[in-house]
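# sequence-free structure coming up:
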């Protein structure tokens, strides 16, 4: 490996170490919990005849009310009959932690409770001579038709008579995953036509208490309108409010065919979904006085003639961002639903990498071994480039005697040295930069895999073996208690002790990296020698807090790279002097010889 190649590798490694070290030592600040409110304004989406400066309805703390039980294989919870609110939703497949007695993940919660208030409402915006008191709102006293729970086989129906000739009905169905269908109808028993705008609202009081606020994962508003995806964090929504005293600006997007809008965390999402192929208006709002974040869908105006019944339908998704489930909804017309997963800038790599990983998981049944299978696949795809790289390194090693002679002839004449070196490379058909290409290709692959392991719920609480019960979390083992053999707990993840007392995977990572680097002789420059000797140990501590799944990939990558490089260079007559390089790495780097002879002379 020539000095140019070593310098490139060194620059990449140091840059990567700085980036990882910065985010490990200085993570973004934790968000402050939202202000607690007991009574807040909840703004209905604007209609053609009203704006957000007009009359608003009230989002009172959820009153004591009858509730309709939700009981499906994936969901449990209830719907408040008063207001018809979706404000109590748990995900049966997911727990808050890996502990057996951990609570289920709560996605929606009522206003005024102990948890972060987060709920969905459906209703009508009045037009013409109608008022908000004549249409259902957040406090409407609905009556359930029957007394059954909401299950896969038994939908529920709510009914409300406004006492002024309009009878409102709402029928709610749920599928075997996470999607509700809400059909709203109005029976007009008056002698005049009426017009109303159906809408649905998702409201959050303040920012989520468990928001992680990491740069690599989007949390906040996510919206798709006619194929265009919009992501905005909670701060973006606040900044959009230009004047809190007079009016609340509304960011509205007209939709021709397909729309969905909601709020996403790293793994879970609640989203309002328009019926595929139907127009709508997506609205994103922030209510500063009450600290409420809203996402809304307004559907086209419905006009009901006297004696007639008409209505509209929409959907509500409340669940985990499981790729296969989102893909199934895409096949039914919910456009780009899988893009609610944050694939990042390298989405053209992240998505295929995840698809392969998900395939191996389906075949093997264990995400840990699936990651190792993915590592083998990626190394196999890069093998032709790696082959050329290691062959080039072997040929560069063969040229070392001639390169030494050129350096002696050129002396201090850098221009002559470069000219003769380039001539030598050209005559022997050797590309000195060929060894760098596989390293450069590893950069986007590494960050794409990091994105997959960090953001996809398939890795959350994914078991490998032994104590590795969550491949999206750091290594749970620690030198502090000798990997569980001593009778005290390991340091808490993220603490300074956890950073110092590493686990099994960071140690294996550092060891595998150290052996891989010993395939090449140490650089001649003493400073570079010191950096190369210590680099594996620096990376070992920097990577110690990263996800276990990512460390597994990197360990496997190091081992396979070691085998490839040793085998290919040996096959071309340039067997790496592994033991000699290991021995020399323990020697103190020698200072460069300053007693150089002048050009044409002899050294002392």
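Yes, it's here. Quick caveat, the model's predicted, so the values are computed rather than measured. Residues are numbered from 1 along each chain as shown.

# how about the strands of the stretch 1-150 of the chain, start to end?
For the stretch 1-150 of the chain, the strands defined by DSSP state E, counting those that start in this stretch occupy 40-42, 57-59, 67-71, 75-80, 85-95, 104-108, 118-126, 143-145.

# make TSV out of those and add mean neighbour count, distance to residue 464 and mean pLDDT.
The way it works is simple: take the backbone N, C-alpha and C, and place the C-beta from them, glycine included. Listed next are these as TSV, based on neighbours: other CB atoms under 10 Å; distance: least, CB to CB, whole Å; pLDDT from 0 to 100:
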stretch	mean neighbour count	distance to residue 464	mean pLDDT
strand 40-42	19	45	42
strand 57-59	20	44	46
strand 67-71	19	33	96
strand 75-80	22	28	96
strand 85-95	21	18	96
strand 104-108	20	22	95
strand 118-126	25	33	95
strand 143-145	13	47	95
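
# wait, which of these is closest to residue 210?
When these are compared by CB to CB, strand 104-108 sits nearest residue 210, at 9.6 Å.

# could you check the angle strand 85-95 makes with that closest one?
On the basis of axes from the mean of the first three to the mean of the last three CA atoms, to 10 degrees, strand 104-108 is oriented at 150 degrees to strand 85-95.

# hmm, back to that, just send the strands of the stretch 1-150 of the chain back as TSV, with distance to residue 403 too.
Output for the strands of the stretch 1-150 of the chain, formatted as TSV (distance: least, CB to CB, whole Å):
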stretch	distance to residue 403
strand 40-42	75
strand 57-59	76
strand 67-71	74
strand 75-80	69
strand 85-95	60
strand 104-108	62
strand 118-126	67
strand 143-145	86
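
# do you know which of those strands lies nearest residue 514?
Nearest to residue 514, of these and by CB to CB, is strand 85-95 at 38.3 Å.

# out of the strands of the stretch 1-150 of the chain, nearest to residue 276?
When these are compared for distance to residue 276 using CB to CB, the nearest one is strand 118-126, at 18.4 Å.

# give the other helices and strands that that closest one contacts.
Judged by 3 or more CB pairs under 8 Å, 6 or more residues apart in numbering; DSSP states H and E, the packing partners of strand 118-126 are strand 85-95, strand 104-108, strand 179-188, strand 194-205, strand 268-273, strand 309-320.

# picking that back up, which one of the strands of the stretch 1-150 of the chain lies nearest to residue 353?
strand 85-95 (23.3 Å).

# neighbouring contacts of the closest one?
Applying CB atoms under 8 Å, 6 or more residues apart in numbering, the contact partners of strand 85-95 are 62, 67, 70, 73-80, 102-111, 117-121, 138, 180, 267-268, 316, 318-320, 457, 460-461.

# try it again with 6 Å
Under the contact criterion CB atoms under 6 Å, 6 or more residues apart in numbering, strand 85-95 has outside partners 74, 76-80, 102, 104-108, 110, 119-121, 318.

# next, the angle from that strand to strand 309-320.
On the basis of the same axes, to 10 degrees, strand 85-95 is oriented at 30 degrees to strand 309-320.

# quick check, distance from strand 85-95 to the centre of its chain.
21 Å (CA atoms, centre = their mean, to the nearest Å).

# ok, back up a step: JSON lines for the helices and strands packed on strand 118-126, including distance to residue 494?
Formatted as JSON lines, the helices and strands packed on strand 118-126 follow (distance: least, CB to CB, whole Å):
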{"stretch": "strand 85-95", "distance to residue 494": "21"}
{"stretch": "strand 104-108", "distance to residue 494": "21"}
{"stretch": "strand 179-188", "distance to residue 494": "36"}
{"stretch": "strand 194-205", "distance to residue 494": "26"}
{"stretch": "strand 268-273", "distance to residue 494": "22"}
{"stretch": "strand 309-320", "distance to residue 494": "25"}
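
# still on that earlier bit, now for the strands of the stretch 1-150 of the chain, which one comes closest to residue 307?
strand 118-126 (19.0 Å).

# mind listing residues that contact that closest one?
Outside strand 118-126, the residues that touch it by CB under 6 Å, 6+ apart are 44, 47, 85-87, 108-109, 135-138, 182, 196-202, 204, 316.

# which stretches of the protein form helices?
Assigned by DSSP state H, the chain shows helices spanning 3-25, 234-239, 323-331, 347-364, 367-381, 383-398, 400-410, 414-428, 437-455, 496-500, 504-517, 526-542, 548-571, 578-585.

# show me the protein divided up by domain.
For the chain, automatic domain parsing gives the domain ranges 3-25+351-585, 44-342.

# weakest of the ones you listed in terms of mean pLDDT?
Between these, the one with the least mean pLDDT is domain 3-25+351-585; it has a mean of 81.

# and it, how far from the chain's centre?
The answer for domain 3-25+351-585 is 24 Å, by CA atoms, centre = their mean.

# cool, and stretch 309-328?
Using CA atoms, centre = their mean, the offset of stretch 309-328 from its chain centre is 21 Å.

# how near is the residue lying closest to residue 472 once chain neighbours are set aside to residue 552?
Nearest residue to residue 472, sequence neighbours excluded (CB to CB, 6 or more residues apart in numbering): residue 459, at 4.3 Å. Remark: distance between residue 459 and residue 552 (CB to CB, to the nearest Å) = 11 Å.

# residues contacting the nearest residue to residue 260 once chain neighbours are set aside?
Excluding the flanking residues, the one nearest residue 260 by CB to CB, 6+ apart is residue 273, at 4.3 Å. By CB under 6 Å, 6+ apart, the contact list for residue 273 reads 260, 315, 317, 334.

# most neighbours among those, please name it.
When neighbours are counted by other CB atoms under 10 Å, residue 260 leads the contacts of residue 273 with 29 neighbours.

# hey, what's it bridged with?
Counting by DSSP bridges, residue 260 forms beta bridges with residue 224, residue 273.

# residues contacting it?
Contacts of residue 260 (CB under 6 Å, 6+ apart): 224, 271, 273.

# closest to residue 486 among those residues?
Nearest to residue 486 out of the contacts of residue 260 is residue 271 (CB to CB; 47.4 Å).

# that closest one contacts residue 264, correct?
No: taking CB atoms under 6 Å as the contact criterion, residue 271 and residue 264 are not neighbours in contact, 7.8 Å apart.

# more crowded one of those two?
A count of neighbours by other CB under 10 Å puts residue 271 above the other of residue 271 and residue 264, at 27 against 20.
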